[in-house]
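Novice: Quick one: sequence and predicted model below, then my questions.
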Amino acid sequence: MSKTKQIAVWDPLVRLFHWTLVLAFSIAYLTEDDFLNLHVLAGYYIAGLLMVRIVWGLIGTKYARFSDFVYAPKIVKQYLKDMLKLKASSYVGHNPAGGAMVVAMLITLSLTVVSGLVTYGAEEQAGPLLAWVRHWNGDLWEELHEFFANLSLSLVVIHIIAVVMSSLLHRENLIRAMWTGYKERQEDES
């Protein structure tokens with residue numbers, strides 16, 4: 001016979017980061033050209049969130065640290081193969097694919113922010129990079145900014161699909177876990 005045990009996985013900072021990033025990215029993506037001030041404010045907020053998460057990935061709680069969920073590409077590839085066969089192992093923290101997705105999103109969102117700051121300086125003659133980029137080609141940087149924003153959105157869609165698949169495969173509600181901080185695990189009674 002087995003009973004359910006709750007395991008604290010996602011600390012409050014990770015959960016706050018996750019859900020405020022969802023909100024800030026949504027605002028930035030949806031406001032794009034129509035509400036530039038709100039778009040820029042959301043972008044600055046994303047930049048701050050990314051900095052906090054990177055630091056927390058180095059010094060944070062066990063399951064928040066990169067050392068807990070960054071795996072070699074070979075392990076990620078094998079996990080994805082196992083996932084497609086519906087035989088992937090369950091992990092308390094991020095699984096190898098989830099860890100790779102965190103890293104990919106941190107990189108693409110950082111590139112989105114940087115290209116946005118360059119675009120803002122070059123096209124709007126504003127922002128913290130203005131002194132360095134005022135004469136740069138704003139059109140090129142705007143194209144890069146849109147590319148990285150769309151790439152980030154594509155990763156978000158893949159992330160949501162993978163979370164649903166993993167939740168079904170392992171019979172755990174990962175969305176609830178990201179709200180509450182706890183995962184439920186079955187444990188055999190001896």
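Specialist: Received it, and whenever you're ready, just let me know what you need. Numbers count the residues shown, from 1 in each chain.

Novice: List the buried residues of the helix or strand of the chain with the lowest mean pLDDT.
Specialist: In the chain, no helix or strand scores lower on mean pLDDT, DSSP states H and E than strand 182-188, which sits at a mean of 77. Neighbour counts over strand 182-188 (16 or more other CB atoms under 10 Å) mark 183, 185 as buried. Just so you know, the C-beta spots here come from the backbone N, C-alpha and C atoms, and that holds for glycine as well.

Novice: That strand pairs with which strands?
Specialist: If you go by DSSP bridges, strand 182-188 pairs up with strand 2-8 (antiparallel).

Novice: helices or strands up against the next helix or strand after the strand it pairs with?
Specialist: Following strand 2-8 in sequence order, the next helix or strand is helix 12-31 (DSSP states H and E). The contact analysis (3 or more CB pairs under 8 Å, 6 or more residues apart in numbering; DSSP states H and E) places helix 12-31 against helix 36-59, helix 138-170, helix 174-180.

Novice: can we see that at 6 Å?
Specialist: helix 36-59 (3 or more CB pairs under 6 Å, 6 or more residues apart in numbering; DSSP states H and E).

Novice: packing partners for the helix it packs on?
Specialist: helix 12-31, helix 96-124.

Novice: Report the buried residues of that helix.
Specialist: 39-40, 42-47, 49-50, 53, 56-57.

Novice: Who are the contact partners of residue 68?
Specialist: Counting by CB atoms under 6 Å, 6 or more residues apart in numbering, residue 68 touches 62, 93.

Novice: element containing it, please.
Specialist: Assigned by DSSP H and E, residue 68 falls in helix 66-69.

Novice: Can you spell out which helices and strands pack onto the helix or strand following that helix?
Specialist: Using DSSP H and E, the next helix or strand after helix 66-69 towards the C-terminus is helix 73-84. Taking 3+ CB pairs under 6 Å, 6+ apart as contact, the helices and strands that helix 73-84 lies on are helix 96-124.
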